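J.: no FASTA, just this:
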Ligand code: NAD
């Protein structure tokens, strides 16, 4: 029976990348009914919003979506569609595998990390007030004058419930994907109550996996240094929202950058698969940008729905195209002006050929 999956082309370079990805996924032979849903700046005029309710309804119904990047309109009063989707669907876990494929230009060749980032709280909760506001004055007073007068203030909420939920997600991912170690990353020596609660929650969850998955804690500053010195020592990393955001970019940088960094936002009832990169609007309509990050996000999606062998075939084909280095976009060539760089659609063609031949 075919899977029903919501397909959001997005805007900017999104539609061309998604068209390439759709062809590649269809070439795996997995039967999918795509329910195409428009969102982003191109539909604002038609619907009066960049995120029509029908998009959310479609994802709620199908439970799985593949999404192209969407521009966050500046100065229109609309919040980020990407953040809104995560909130509305309670996609509490951000999953970002960062794996080195031979052929990618990077200083590192032995990296196979998975970053699991909490998506719903921490300094990202948006609880903040401007300098001089009544709320700031009250909090400054409450702090016993530990806060300098006239400061702006952001609040960092960390709950036991959300911390346990994300750490459990990381351990379950480790179990299901043959991983050996989960490292919890925070700064509990300084933020004793918030990051302290994150570690305390993580330890509680880790007990359930004793003897199966190794558990370790590393402070976030030390983790940054460790990752640039010996990333091969780490496996699955689990972090609160802000550290997760920063470290997932660091890890993407270790393995070749945005063009090959896939991702997923996953909750209890739905999952949205998308690349780490944005809509790169300056390249819109030029058949130029790299589709591999979205294609690899599609590979994660196939794994998520249980189509493991199709996912393996797709990943192997991507790896072969990267290793050969011939049918790759400008960003993967040694020189960005390399005239032999191919376009978005030609990368998809090459991956499909590899799957057919392999
Ligand atoms: P971006 O990732 O769109 O582009 C930054 C630069 O990275 C580009 O100019 C390009 O040189 C390169 N790049 C990005 N994707 C590439 C690809 N697939 N292949 C080759 N090169 C690539 O970041 P930005 O310019 O900061 O953001 C543009 C818009 O995208 C903003 O409105 C932002 O809010 C939005 N955005 C959306 C998402 C999402 O949909 N999840 C994520 C990040 C940013």
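T.: That came through fine. If you're wondering where the values come from, they're calculated on a predicted model, not measured in any experiment.
J.: what does the host helix or strand of residue 116 rub up against?
T.: In this assignment (DSSP states H and E), residue 116 forms part of strand 112-118. Outside strand 112-118, the residues that touch it by CB atoms under 8 Å, 6 or more residues apart in numbering are 92-100, 162-163, 166, 169-170, 173, 177, 179, 227, 231, 234-241, 243-245, 247-248, 251, 254. For every residue, glycine as well, the C-beta is placed using N, CA and C.
J.: Quickly run through the sheet partners of it, with directions.
T.: strand 93-99 (antiparallel), strand 236-239 (parallel) (DSSP bridges).
J.: tell me which residues of the helix or strand bottoming out on mean pLDDT in the chain are tucked away?
T.: Least confident element among the helices and strands of the chain, by mean pLDDT, DSSP states H and E: helix 44-47 (a mean of 87). By neighbour count on 16 or more other CB atoms under 10 Å, the buried set for helix 44-47 is residue 44.
J.: so where do the strands sit in the stretch 101-250 of the chain?
T.: Listed in chain order, the strands found in the stretch 101-250 of the chain under DSSP state E, counting those that start in this stretch are 112-118, 128-129, 153-154, 181-186, 214-219, 236-239.
J.: Work out which residue lies at the spatial centre of this structure.
T.: Geometric centre of the chain, nearest residue: residue 263, 3.3 Å, by CA atoms, centre = their mean.
J.: Can you name the next helix or strand after the least confident helix or strand of the chain?
T.: By DSSP H and E, the next helix or strand past helix 44-47 is helix 53-62.
J.: ok, then the element right after that following helix?
T.: Counting by DSSP H and E, the element after helix 53-62 in chain order, helix or strand, is strand 64-67.
J.: Can you confirm whether that next one lies near the ligand?
T.: No: figure legend: strand 64-67 not in contact with the ligand (CB under 6 Å from any ligand atom); closest approach 7.1 Å.
J.: With stretch 335-354 instead?
T.: No: using CB under 6 Å from any ligand atom, stretch 335-354 stays clear of the ligand, coming no nearer than 8.2 Å.
J.: returning to that earlier point: for the strands of the stretch 101-250 of the chain, which one ends up most surrounded?
T.: Across the strands of the stretch 101-250 of the chain, averaging neighbours per residue (mean count of other CB atoms under 10 Å) puts strand 236-239 on top, at a mean of 27.
J.: Just give me how far that one sits from the chain centre.
T.: Relative to the chain's own centre, strand 236-239 is displaced by 13 Å; criterion: CA atoms, centre = their mean, to the nearest Å.
J.: got it, and stretch 103-113?
T.: With CA atoms, centre = their mean as the basis, stretch 103-113 stands 18 Å off its chain's centre.
J.: List the contacts of residue 358.
T.: Contact analysis of residue 358 by CB under 8 Å, 6+ apart lists 313, 316-317, 320.
J.: neighbour-wise, which of those residues leads?
T.: residue 317 (24 neighbours; other CB atoms under 10 Å).
J.: element containing the residue nearest to that one when sequence neighbours are not counted, please.
T.: Nearest non-adjacent residue to residue 317, counting by CB to CB, 6 or more residues apart in numbering: residue 354, 3.7 Å away. Element membership of residue 354, judged by DSSP H and E, is helix 344-357.
J.: by contact count, what packs against that helix?
T.: helix 14-27, helix 292-304, helix 308-324 (3 or more CB pairs under 8 Å, 6 or more residues apart in numbering; DSSP states H and E).
J.: ok and it relative to helix 308-324, angle-wise?
T.: With axes from the mean of the first three to the mean of the last three CA atoms, to 10 degrees applied, the angle from helix 344-357 to helix 308-324 works out at 120 degrees.
J.: Close to the ligand: what parts of the protein are there?
T.: 69-72, 82, 258-259, 274, 277-280, 282, 289-290, 293, 329, 331.
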